[in-house]
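J.: what's the 3D shape of this:
(chains A and B)
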Amino acid sequence: MSQLLAPTLREDPKEAEVVSHKLLLRAGYIRKLAAGIYTYLPLGFKVLQKVSQVIREEMNRSGAQEVLMPALLPSELWQETGRWNVYGKELFRIQDRHERDFCLGPTHEEAITELVRRSINSYKQLPINLYQIQTKFRDEIRPRFGLMRGREFIMKDAYSFHTSKKDLDKEYKNMYETYCRIFERLGLKYRVVQADSGAIGGGYSQEFMVLADSGEEEIFYCEKCDYAASRESAGVGGEKIVEGIGKGGDEKGKDKVKEVNTPGQKTIEEVTAFLKESPEKMIKTLVYETENGPVIALVRGDHALNEAKLKKMLGVEDLKLAADKVIEGVTKAPVGFAGPVGLKGVKIVADTAIPLIEQGITGANKEDYHLTNVVYGRDYQAELLGDLRFALSSDACPKCGQAKYSVQRGIEVGHIFKLGTKYSEKMKCVYLDEGNKEKTMIMGCYGIGVGRTAQAAIEQNHDEDGIIWPMPLAPYQVAIIPVNVGIKEQLEAAEKIYQDGLQIGLDVLLDDRDFRVGVKLKDIDLIGIPIKIIVGKALKDGQVEIKLRKTGEINLVEIGKVGEWLRQNVCS
RNA sequence: CGGGGUGUAGCUUAGCUUGGUAGAGCGCCUGGUUUGGGACCAGGAGGCCGUAGGUUCAAAUCCUAUCACCCCGACCA
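T.: Here you go, the predicted structure:
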């Protein structure tokens, strides 16, 4: 240890905000080179290797084959799939001396598809699952929290190729189980959630979330059944799509629409305050632009529209809130007074909560006026009805109908996708089937953030003294601490135990630094080594102390039996 | 990209309002005393005060620009 580069810090570096980041820095695991770009010091690198090793073993066990692809990728491949243009600013682009375009790979669908289409042409060679553990590059809008969101980070990515949807389903399930084994072996508390597949695209996808309060995402899950989803994709249960309403029969006893003057009152807050009404009665009218023209989306005043859901409902690629000009064009009124009543020639869609508003309030499409007593079906009608809003914890589970969601934050450490033919089609990744027919391969893709997983583990396992590594992740499982290296017997005994530990095949660290014990113990605790073997006073009785980081439990063990103790307590 | 904030020694920072050429704690080096949970004494090394320009007799301090980093929002493993 006296030679190990593990520069521990007594104070928190000010660049860090979350505990896991502070601890990685303080305990000498990583050092920052630039925003979102880190050097892994010996300890940090060792932890990465531990994570990688578990991943590797489980992936291999599941039949996947390891490869290593280039990080530097030619633009041509990305042109083929169209992602050269779609990926946007997040892609690190560079040119070589001949001014040819390249990028630093943020993910490798193109590269792997290129490989497979060139080397596989028969159904007999399928299915196949190839993976790599490699550095990825993404020019993140905002790198943060150390390894949580870097611009350069290490990821395991796997890609599978199949002849049928059914075969993909089978491999997807296989990977799902593999991931469960990986995160269980790493000793992490996690949950699997339904996810939005985002830019990588394709169909079905699930995220593996490590539970932690500092997580960037909210997980909505049901305590009754196994339903869990990200905030992005959590469904809203309990509200039936109301078909019956609106064919003219249901407005008995309801007042006529009334126009009210609301000078300058534009936002939901302003209008509700002005009219002394609650936001649940408001029909929020949002104008969006899509590649198929403008669309009006309606959600309740106290709900937030989920653009991902809207996109899916409309089946469009491009979606953004309309510019003021467009809104004025559609509603013939200044921004802030839009409403669905009387609008013609524009597609209107609504959240399922909308028809349930008995007598709503909404913009009059006329400056400084709103309408009250608006009734769905009598005064306006949506072309499509569906779940369009972000779920709230008060919403019901869409799967079993349980009345309330539970919400907890989590860190996304793994993501599995059924890609389908999104890439293979564009890149003509085909094979010949039994009938000598050319078919497009069906793909799946499976990622794990390696550094992120390590950091997430710290987030879950630490105390005020530092990190408490789960055994499989610890850079060293055991630290041997001679209390005073000046005392020959202590140092020699420690060295002997060190050698024994190595022999058993453990990662052992000998703290031979000429410091006071207090300093050494503090450092080892900060670093998070699960087991300390303290060689000190008890040596004269032929004993050493074995102390557990997690519980503080101390065992006095005879020096000759240390090897046996370790075999029993660490190796198993 | 928008909003907020910070740049002074390896780390944490004082000084900036009210200009006069930099101070502390920790760490590091030397010697000594210590030695079971971040010891003590003595001595020492280390900073063109983020960078560039300007104002001034004089700038860490005032002004302008620029860069870097951190935090909050829209994106993602």
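J.: from here on, contacts and neighbour counts on C-alpha atoms
T.: Will do.
J.: Once you drop chain neighbours, what's closest to the spatially most central residue of chain A?
T.: In chain A, the centroid-proximal residue (CA atoms, centre = their mean) is A:Glu412; its distance is 2.5 Å. Among residues not flanking A:Glu412 along the chain, A:Met209 sits closest, at 4.5 Å (CA to CA, 6 or more residues apart in numbering).
J.: where do the helices sit along the stretch 151-300 of chain A?
T.: A:165-185, A:268-275 (DSSP state H, counting those that start in this stretch).
J.: weakest of those helices by average pLDDT?
T.: Among those, helix A:268-275 carries the lowest mean pLDDT, a mean of 82.
J.: residues in contact with that helix?
T.: Residues outside helix A:268-275 that contact it (CA atoms under 8 Å, 6 or more residues apart in numbering): A:Thr262, A:Gln265, A:Ser278, A:Pro279, A:Met282, A:Lys284, A:Gly301.
J.: Now distance to RNA strand B too, for those residues, in JSON lines please.
T.: Shown next, in JSON lines, are the contacts of helix A:268-275 (distance: CA to the nearest atom of the strand, whole Å):
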{"residue": "A:Thr262", "distance to RNA strand B": "28"}
{"residue": "A:Gln265", "distance to RNA strand B": "23"}
{"residue": "A:Ser278", "distance to RNA strand B": "24"}
{"residue": "A:Pro279", "distance to RNA strand B": "21"}
{"residue": "A:Met282", "distance to RNA strand B": "22"}
{"residue": "A:Lys284", "distance to RNA strand B": "18"}
{"residue": "A:Gly301", "distance to RNA strand B": "18"}
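J.: now those: which count as buried?
T.: A:Thr262, A:Gln265, A:Pro279, A:Met282, A:Lys284, A:Gly301 (16 or more other CA atoms under 10 Å).
J.: beta partners of the residue in the stretch 351-500 of chain A that RNA strand B sits nearest to?
T.: RNA strand B sits closest to A:Gly414 of the stretch 351-500 of chain A, with a gap of 3.5 Å, by CA to the nearest atom of the strand. A:Gly414 has these beta-bridge partners by DSSP bridges: A:Phe208, A:Ile448.
J.: looking at it, it is touching A:Gly451, isn't it?
T.: No - look at A:Gly414 against A:Gly451 with CA atoms under 8 Å: they stay out of range, at 11.5 Å.
J.: where are the low-confidence patches of the stretch 51-200 of chain A?
T.: A:196-200 (pLDDT under 70).
J.: Next to RNA strand B in this structure, residues from it, please.
T.: Counting by CA under 7 Å from any atom of the strand, the residues of the stretch 51-200 of chain A close to RNA strand B are A:138, A:140-145, A:147-155, A:197-200.
J.: Chain A: helices as residue ranges?
T.: A:19-26, A:42-61, A:75-81, A:83-86, A:109-119, A:165-185, A:268-275, A:307-314, A:324-331, A:422-426, A:450-460, A:488-504, A:517-527, A:562-566 (DSSP state H).
J.: Mean neighbour count added to those helices, as a markdown table?
T.: Shown next, in a markdown table, are the helices of chain A (neighbours: other CA atoms under 10 Å):
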| stretch | mean neighbour count |
| --- | --- |
| helix A:19-26 | 24 |
| helix A:42-61 | 19 |
| helix A:75-81 | 17 |
| helix A:83-86 | 14 |
| helix A:109-119 | 18 |
| helix A:165-185 | 18 |
| helix A:268-275 | 16 |
| helix A:307-314 | 17 |
| helix A:324-331 | 17 |
| helix A:422-426 | 19 |
| helix A:450-460 | 25 |
| helix A:488-504 | 18 |
| helix A:517-527 | 20 |
| helix A:562-566 | 17 |
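J.: Those: which one's closest to A:Pro13?
T.: helix A:19-26 (6.8 Å; CA to CA).
J.: Get me the contact residues on the stretch 201-350 of chain A for RNA strand B.
T.: Close to RNA strand B, as judged by CA under 7 Å from any atom of the strand, the stretch 201-350 of chain A has residues A:Glu207, A:Glu216, A:Glu217.
J.: Let's see if you can find the most crowded of those.
T.: A:Glu207 (27 neighbours; other CA atoms under 10 Å).
J.: show me what contacts the residue nearest to A:Leu502 when sequence neighbours are not counted?
T.: Leaving aside its chain neighbours, A:Leu502 sits nearest to A:Val508 (6.6 Å; criterion: CA to CA, 6+ apart). By CA under 8 Å, 6+ apart, A:Val508 lies in contact with A:Tyr476, A:Gln477, A:Val478, A:Ala479, A:Ile480, A:Tyr498, A:Gly501, A:Leu502.
J.: swap the cut-off to 6 Å and go again
T.: The contact partners of A:Val508, taken as CA atoms under 6 Å, 6 or more residues apart in numbering, are A:Tyr476, A:Val478, A:Ala479.
J.: and what of A:Leu384?
T.: A:Val349.
J.: Let me know the distance separating it from A:Val374.
T.: 18 Å (CA to CA, to the nearest Å).
J.: For the stretch 201-350 of chain A, just list every one of the strands.
T.: Shown for the stretch 201-350 of chain A, the strands assigned by DSSP state E, counting those that start in this stretch span residues A:205-211, A:217-221, A:228-230, A:258-261, A:283-290, A:293-300, A:319-321, A:347-351.
J.: Turn those strands into TSV, columns for mean pLDDT.
T.: What follows is those, written out as TSV (pLDDT from 0 to 100):
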stretch	mean pLDDT
strand A:205-211	90
strand A:217-221	83
strand A:228-230	81
strand A:258-261	88
strand A:283-290	85
strand A:293-300	86
strand A:319-321	75
strand A:347-351	88
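J.: will you turn these into JSON lines that also has distance to A:Arg513?
T.: Supplementary listing: the strands of the stretch 201-350 of chain A in JSON lines, determined by distance: least, CA to CA, whole Å:
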{"stretch": "strand A:205-211", "distance to A:Arg513": "36"}
{"stretch": "strand A:217-221", "distance to A:Arg513": "42"}
{"stretch": "strand A:228-230", "distance to A:Arg513": "48"}
{"stretch": "strand A:258-261", "distance to A:Arg513": "79"}
{"stretch": "strand A:283-290", "distance to A:Arg513": "65"}
{"stretch": "strand A:293-300", "distance to A:Arg513": "65"}
{"stretch": "strand A:319-321", "distance to A:Arg513": "60"}
{"stretch": "strand A:347-351", "distance to A:Arg513": "66"}
